[in-house]
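K.L.:
Show me the folded form of this:
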Amino acid sequence: MELRVTGWLLLLVCAVIFTATEGFIPQCCTKYSTDISCHILRKVERYDKQEAGGSCDIVALALHMNNKIYCADPKYTEVLKMPKYSYGKWIQRCKKMIKKMNRNKFRRQS
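P.N.:
Got it, this is the predicted structure:
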């Protein structure tokens, strides 16, 4: 009888530990998109910067949209910091910023 109770208690403790630690497993971006349109970036509700190190391997942006998380290149941080005024002006400015970032990227590689 005692062995049976001990077995159930052990099983219960393992179940509690498993469910408790499951919430602490970080969700990391393992890869990210480098080509995101300004129309999509405008829909981002909030973003978090993922740092490399610890349990996450790469630096990335976690974009929160429609209760989902998408991973993006950290270069989009400056675009996301722009105030979201009129739609047309924001899209136009976004495109200019991305074009400039891509141009600078090619210069650094040369």
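K.L.:
where does the protein dip in pLDDT?
P.N.:
1, 3, 5, 7-9, 11-26, 105-110 (pLDDT under 70).
K.L.:
Which helix runs longest in it?
P.N.:
The longest helix of the chain (DSSP state H) is helix 87-109.
K.L.:
by contact count, what packs against it?
P.N.:
The contact analysis (3 or more CB pairs under 8 Å, 6 or more residues apart in numbering; DSSP states H and E) places helix 87-109 against helix 38-42, helix 77-81. The way it works is simple: take the backbone N, C-alpha and C, and place the C-beta from them, glycine included.
K.L.:
Identify all contacting residues around the first one.
P.N.:
Put plainly, it is helix 38-42. Residues outside helix 38-42 that contact it (CB atoms under 8 Å, 6 or more residues apart in numbering): 63, 65, 76, 79-80, 84, 87, 90-91, 94-95, 98.
K.L.:
As CSV, those with distance to Glu45 and neighbour count would be great.
P.N.:
Shown next, in CSV, are these (distance: CB to CB, whole Å; neighbours: other CB atoms under 10 Å):
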residue, distance to Glu45, neighbour count
Leu63, 8, 24
Met65, 6, 15
Tyr76, 14, 23
Val79, 15, 21
Leu80, 11, 16
Lys84, 11, 10
Tyr87, 16, 10
Trp90, 15, 17
Ile91, 17, 15
Cys94, 16, 20
Lys95, 21, 13
Ile98, 20, 19
